[in-house]
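S.K.: take this sequence and fold it.
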Amino acid sequence: PFETITTDDASAAPAQRGKRGFGKLFGRKKHADVTPTDTWDDFDGDDWKGGATGIQGVSERELRDAITSMGDDELLGHDIWFVATGASEYGNAGMKAFLETHRDKLRGVFLINLECVGAGQLAMVATEGDRRVLKGDKRITNLVRRVSAAFHNEFVSVEMPYEATEAYVAMNMSLRSLTIAGVDGPNFACSHSEADQPYNVNPENVDLVADVVTEVIRRS
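M.R.: Take a look at the predicted model:
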């Protein structure tokens, strides 16, 4: 009922492992001609581009891609799992099976659940739960807010006391969890509707979520 992909494959060649983990998965390109020297500590203020603003002939998108491709060592220092769970309509059975199977490896972990991020307004689900309302992890929430603001697109917080995502299953096990979602009004964007079509996917949403989650992992 679930599939996992980890980034700690010891059989991978060193050259391959040195590439940006999220960048490879999302088809992103590095820009070798842009070499900003700022660290992410320099991007918490109003001007996220820091000293890189003086580079001529480079778009803001290229600067962002160059910056987020730095610091692979920080990513490789984490054990990152990409998990696709099934049976969400059956009480999130896939997520429950995953957590039960890997219970012995979950000490100190945090989980970020992605829901419908290809459309709508990107948001953090502050509270969720169709029976017992629980809050998303405060530390992850604050970190996602700061990082998304650094990309000039701060994620809003929404209350969904009528939804129970995969993150809710983890919350019930006292695991640090948060859902990032694309929302449209009170609902997840395009979810369970005729609008759930490939042509409604916004690539910029997907890119931004990939950047934010990557940087959250670096800072955690």
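S.K.: which residues touch residue 197?
M.R.: residue 190 (Cβ atoms under 8 Å, 6 or more residues apart in numbering). From N, CA and C alone the C-beta is placed, and that goes for glycine too.
S.K.: from residue 99, how far out is it?
M.R.: Separation of residue 197 from residue 99 (Cβ to Cβ, to the nearest Å) stands at 31 Å.
S.K.: check residue 188 too.
M.R.: Remark: distance between residue 188 and residue 99 (Cβ to Cβ) = 22 Å.
S.K.: how about residue 142?
M.R.: 24 Å.
S.K.: so between those two, which is more surrounded?
M.R.: Legend: neighbour count by other Cβ atoms under 10 Å for residue 142 and residue 99, higher for residue 99 (21 against 11).
S.K.: end-to-end on stretch 125-145?
M.R.: Length of stretch 125-145, first residue to last, Cα to Cα, to the nearest Å: 12 Å.
S.K.: in that stretch, what's buried?
M.R.: Across stretch 125-145, burial judged by 16 or more other Cβ atoms under 10 Å covers 125-129, 134, 136-137, 140-141, 143-145.
S.K.: with stretch 167-177 instead?
M.R.: 167-172, 175-177.
S.K.: and what of stretch 180-192?
M.R.: By neighbour count on 16+ other Cβ under 10 Å, the buried set for stretch 180-192 is 180-184, 187-191.
S.K.: okay, and for this protein, where does confidence drop off?
M.R.: For the chain, the stretches with pLDDT under 70 are 1-58, 60, 63-78.
S.K.: what packs against the helix ranked longest in it?
M.R.: Secondary structure of the chain per DSSP state H: the longest helix is helix 203-219. In terms of contacts (3 or more Cβ pairs under 8 Å, 6 or more residues apart in numbering; DSSP states H and E), helix 203-219 is packed against helix 21-25, helix 60-68, helix 72-76, strand 110-115, strand 121-128, helix 138-150, strand 176-184.
S.K.: got the contact list for residue 191?
M.R.: By Cβ under 8 Å, 6+ apart, the neighbours of residue 191 are 115-116.
S.K.: that's a strand at it, yeah?
M.R.: No - applying DSSP: H, G, I helix; E, B strand; the rest coil, one finds residue 191 to be coil, outside a strand.
S.K.: next one: it from residue 87, what distance?
M.R.: From residue 191 across to residue 87, the span is 16 Å (Cβ to Cβ).
S.K.: swap in residue 101?
M.R.: Taking Cβ to Cβ, one finds residue 101 at 14 Å from residue 87.
S.K.: what's the neighbour count on residue 111?
M.R.: The burial count for residue 111: 22, using other Cβ under 10 Å.
S.K.: same question for residue 109.
M.R.: Residues near residue 109, counting by other Cβ under 10 Å: 14.
S.K.: for it, which non-adjacent residue is closest in space?
M.R.: Once flanking residues are discounted, residue 109 sits nearest to residue 175: 6.7 Å by Cβ to Cβ, 6 or more residues apart in numbering.
S.K.: tell me the contacts of the one you found?
M.R.: The contact partners of residue 175, taken as Cβ under 8 Å, 6+ apart, are 99, 106, 109-111.
S.K.: let's see it at 7 Å
M.R.: Residue 175 is in contact with 106, 109, 111, counting by Cβ atoms under 7 Å, 6 or more residues apart in numbering.
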